[in-house]
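J.: Below is the structure, and that's it, no one-letter string:
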């Protein structure tokens, strides 16, 4: 168990050091065998991991990795978790009994809200769309961390399409665009940040390629 | 401490794990120091063939002439109290 943890930490350290410090990563891996023979592999691997993490902000590739992880763990994954938890807690079915519609009717005066027992059938597809949206967000987070921008672009397009469909459907069913506008705002921030990161990664890769030539 | 250890036998190539044992530094301190010293041209590195079959090649280190000069200047005695310190 300890050996497996030590090996995992070493693998993470090597990953964090990136291309710029490839030689040092291989040097650490080679010494890891010596540490293993002396029974101090975990301490050695932990030290290497800490050193590698502390190296991250000192180079472009590392700063990009920090930004990708921050975006994934602060915005994309929490947004997906919020959607999933809302479905698990009964949304959009709970919207019927929440009193929100009474308020809406009062605000709109004589206008009839479109939500009625008649269009209750629209709720299951709405719930499926929300789950799909959460799934697309989790996939986008994964691809971002993998720095697979070409597949990330496809997932971003799917995310955009599902969000637009959800926005239109939710707006029509609830006659309330607050939910849809919230989702669109999150989508704009997400996709803008992902595009900026992808652009940075591509320009970084191009400049590295030019240096290597 | 690392400079002193490396300057003891300056022509000898040393491995990271051996230096950890010799200096008492952890890998989280030793490797960043070695990386910086290598970036600044104070330490030279070389891949040495594995000592046993099935093991990877090992990265070895020793001081460059600049590193040795720095180690020697660092090991000189401190100026006495009251003496004007050099700005360099």
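T.: That came in fine, so what should we check first? Computed from a predicted structure; not experimentally measured.

J.: got the residues of chain A near chain B?
T.: Along chain A, the residues adjacent to chain B under the rule CB under 8 Å from any CB of the partner chain are A:21, A:23-24, A:26-31, A:33-35, A:38, A:43-51, A:54-55. Any C-beta I mention is one placed from the backbone N, CA and C, and that applies to glycine too.

J.: Generate the ChimeraX command that creates a selection of the buried members of these.
T.: Per 16 or more other CB atoms under 10 Å in any protein chain shown, the buried members of the residues of chain A next to chain B correspond to this ChimeraX selection:
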select /A:21,24,26,27,28,29,30,31,33,34,35,43,44,45,46,47,48,49,50,51,55
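
J.: Now residue 16: closest residue in space, sequence neighbours ignored.
T.: Using chain A here. residue A:52 (3.8 Å; CB to CB, 6 or more residues apart in numbering or on different chains).

J.: That was the other one, I meant chain B.
T.: Using CB to CB, 6+ apart, the nearest residue to residue B:16 is residue A:31, at 4.4 Å.

J.: In chain A, what residue spans correspond to helices?
T.: For chain A, the helices defined by DSSP state H cover A:2-17, A:22-37, A:41-55, A:60-71, A:77-88, A:100-108, A:123-146, A:149-174, A:178-212.

J.: So which of those helices is nearest residue B:7?
T.: Proximity to residue B:7 (CB to CB) singles out helix A:22-37 among these, at 20.8 Å.

J.: Report the angle between that closest one and helix A:41-55.
T.: Per axes from the mean of the first three to the mean of the last three CA atoms, to 10 degrees, the angle that helix A:22-37 makes with helix A:41-55 is 160 degrees.

J.: okay, the angle between helix A:22-37 and helix A:2-17?
T.: 170 degrees.

J.: who's in contact with helix A:22-37?
T.: A:3, A:6, A:10, A:13-14, A:17, A:41, A:43-45, A:48, A:52, B:15-18, B:27, B:31, B:34-35, B:45, B:55-59 (CB atoms under 8 Å, 6 or more residues apart in numbering or on different chains).

J.: Now list the buried members of those residues.
T.: For the contacts of helix A:22-37, buried by 16+ other CB under 10 Å: A:6, A:10, A:13-14, A:17, A:41, A:43-45, A:48, A:52, B:15-17, B:27, B:31, B:34-35, B:45, B:58-59.

J.: show me what contacts residue B:71?
T.: B:3, B:4, B:6, B:7, B:10, B:63.

J.: quick one: buried residues of the host helix or strand of it?
T.: Residue B:71 belongs to helix B:65-75 when assigned by DSSP states H and E. Under the neighbour-count criterion of 16+ other CB under 10 Å, helix B:65-75 has B:67, B:68, B:70, B:71 buried.

J.: Please state the offset of that helix from the chain centre?
T.: 10 Å (CA atoms, centre = their mean, to the nearest Å).

J.: Next: stretch A:166-174.
T.: The answer for stretch A:166-174 is 24 Å, by CA atoms, centre = their mean.

J.: Rebuild the contacts of residue B:71 as CSV, extending it with secondary structure and pLDDT.
T.: CSV is the format used below for those (DSSP: H, G, I helix; E, B strand; the rest coil; pLDDT from 0 to 100):
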residue, secondary structure, pLDDT
B:3, helix, 86
B:4, helix, 87
B:6, helix, 89
B:7, helix, 87
B:10, coil, 86
B:63, strand, 94
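
J.: Chain A contacts on chain B?
T.: Counting by CB under 8 Å from any CB, chain B sits next to chain A at B:15-18, B:20, B:26-32, B:34-35, B:45, B:55-59.

J.: May I ask which helix or strand of chain A has the lowest mean pLDDT?
T.: helix A:100-108 (a mean of 45; mean pLDDT, DSSP states H and E).
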